[in-house]
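[1] model the structure of this input:
(chains A and B)
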Amino acid sequence: DTGVSQDPRHKITKRGQNVTFRCDPISEHNRLYWYRQTLGQGPEFLTYFQNEAQLEKSRLLSDRFSAERPKGSFSTLEIQRTEQGDSAMYLCASSLELSFAEKLFFGSGTQLSVL
Amino acid sequence: QKEVEQNSGPLSVPEGAIASLNCTYSDRGSQSFFWYRQYSGKSPELIMSIYSNGDKEDGRFTAQLNKASQYVSLLIRDSQPSDSATYLCAVNTDKLIFGTGTRLQVFP
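    Below is the predicted model of the structure:
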């Protein structure tokens, strides 16, 4: 499979627990993005990496959220002390950065439900 | 003002008609524009990209860009029930910013 892979597909957790999601991008892609999407809304930017460097993190993002991309390959997104408002679809996307012509390809997402 | 604005719909069109989806954006420096299709419960799928003013056609899809008016549109000709989905407009500033999407319903 040469697409973007995300794991798990679904996660149910209790409020206050920590959760971690994984994303494996398309192998030759050097950029990796995390978005969050709630029902009826478009994907909301969270953060992105170029290789292993985290270039930007949304200023709307709580300090409870952290992302890593060790060695510039897969990435993890961790949410600490989850809240019910964190319930959403977490989407990972990757691209081969080509200046303004960059095209993102999305994984299937991780659906998080916080009870 | 939101960076990328779309009418949330739903936009209902009969099968075989032309569906017209619109999007406006706020950053005049934006250089690239994309349309993604998202079926319910699925992730967004890229269907069109456009970088210069004018029209770009790909099969039944035509993207239109007017940078002076900060306006992007997507036309779907000969709409099919399988085109029923949410269509997301995305604009590349220094990262890809999405609109809220327009839900399209094509009825037989």
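[2] what sits against residue A:57?
    Residues near residue A:57 by C-beta atoms under 8 Å, 6 or more residues apart in numbering or on different chains: A:46, A:47, A:67. Yep, even glycine has a C-beta here, placed from its N, CA and C like the rest.
[3] and the second one, how many residues sit next to it?
    When you say that, I think you mean residue A:47. 21 (other C-beta atoms under 10 Å in any protein chain shown).
[4] from chain B, how far off is the closest residue to it other than its chain neighbours?
    Excluding its sequence neighbours, the residue lying closest to residue A:47 (C-beta to C-beta, 6 or more residues apart in numbering or on different chains) is residue A:57, at 4.5 Å. Note on residue A:57: its distance to chain B, by C-beta to the nearest C-beta, to the nearest Å, is 11 Å.
[5] ok, residues contacting stretch A:61-81?
    Outside stretch A:61-81, the residues that reach it (C-beta under 8 Å, 6+ apart) are A:16-25, A:30, A:32, A:34, A:46-47, A:49, A:51-52, A:54, A:57, A:82-83, A:86, A:90, A:92, A:112.
[6] ends of that stretch, how far apart?
    Distance between the two ends of stretch A:61-81: 14 Å, counting by C-alpha to C-alpha, to the nearest Å.
[7] so for that stretch, mean pLDDT?
    For stretch A:61-81, mean pLDDT is 93.
[8] same question for stretch A:87-98.
    Mean predicted confidence for stretch A:87-98 is 90.
[9] picking up where we left off before, any of the contacts of stretch A:61-81 buried? List them.
    A:19, A:21, A:23-25, A:32, A:34, A:46-47, A:49, A:82, A:86, A:90, A:92, A:112 (16 or more other C-beta atoms under 10 Å in any protein chain shown).
[10] mind checking which of those residues land in strands?
    Counting by DSSP state E, the part of the buried ones among the contacts of stretch A:61-81 found in strands is A:19, A:21, A:23, A:24, A:32, A:34, A:46, A:47, A:49, A:90, A:92, A:112.
[11] tell me the spacing between the fifth one and residue B:105.
    The one in question is residue A:32. Per C-beta to C-beta, to the nearest Å, residue A:32 is found 34 Å from residue B:105.
[12] any chance you could map the strands in chain A?
    A:5-7, A:10-13, A:19-24, A:31-37, A:44-50, A:53-57, A:65-68, A:75-79, A:88-95, A:105-106, A:110-114.
[13] ok, now how distant is residue B:24 from residue B:30?
    In terms of C-beta to C-beta, residue B:24 sits 11 Å off from residue B:30.
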